[in-house]
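Visitor: Okay, here's the prediction I keep looking at, along with the sequence it came from:
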Amino acid sequence: METKQKNPVFDLESVTSDITHGGAKEATHAQAEDCDSSYSWQHFSVICSVEIVDKVKAIAHNEGFSIRDVVEKFLGDGIARYEQKHGAVAHQQKDINDIL
């Protein structure tokens, strides 16, 4: 009988543990609730190449910031550049009653 090896791409427990505990301090849920109430947070997952993940983790570690801080900064800067070129991006809330 052949034993299957875990595919590291789908081993979510080790991937998330590695990302959230990989050299940078992450706020716990309780700590996040204690933050300035003007912030609202939402979990957002992205699949990236190993090279990008390694570089983001290294930047966070080298600069003393959390991975979330670095990714949020990069995304924010990218969105700002996009909006300079294309105009403001606004999230439009849909109403379920608009379907029919």
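Guide: Perfect, thanks for sending it. Numbers count the residues shown, from 1 in each chain.
Visitor: Just the C-alphas of stretch 44-58, formatted as PDB.
Guide: Extracted in PDB, the C-alpha atoms of stretch 44-58 (Å, rounded to 0.1, in the frame of the first residue of the first chain):
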ATOM      1  CA  PHE A  44      -7.900  38.600   2.500                       C
ATOM      2  CA  SER A  45      -6.000  35.600   1.100                       C
ATOM      3  CA  VAL A  46      -3.700  35.600  -1.900                       C
ATOM      4  CA  ILE A  47      -1.800  32.900  -3.700                       C
ATOM      5  CA  CYS A  48       1.600  34.200  -4.800                       C
ATOM      6  CA  SER A  49       4.800  32.600  -6.100                       C
ATOM      7  CA  VAL A  50       7.200  31.300  -3.400                       C
ATOM      8  CA  GLU A  51       9.700  34.000  -4.500                       C
ATOM      9  CA  ILE A  52       7.300  36.800  -3.700                       C
ATOM     10  CA  VAL A  53       6.200  35.300  -0.400                       C
ATOM     11  CA  ASP A  54       9.800  34.900   0.600                       C
ATOM     12  CA  LYS A  55      10.700  38.400  -0.300                       C
ATOM     13  CA  VAL A  56       7.700  39.900   1.500                       C
ATOM     14  CA  LYS A  57       8.600  37.900   4.600                       C
ATOM     15  CA  ALA A  58      12.200  39.000   4.400                       C
END
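Visitor: Flag every buried residue along the longest helix seen in the chain.
Guide: In the chain, with assignment by DSSP state H, the single longest helix is helix 67-86. Of all the residues in helix 67-86, those buried under the rule 16 or more other CB atoms under 10 Å are 67-71. C-beta: built from backbone N, CA, C; applies to glycine.
Visitor: for those residues, which one is nearest Ile79?
Guide: Val71 (12.3 Å; CB to CB).
Visitor: Tell me who's in contact with that closest one.
Guide: For Val71, the contact set (CB atoms under 8 Å, 6 or more residues apart in numbering) comprises 46, 56.
Visitor: And it, how far from Tyr39?
Guide: Remark: distance between Val71 and Tyr39 (CB to CB, to the nearest Å) = 15 Å.
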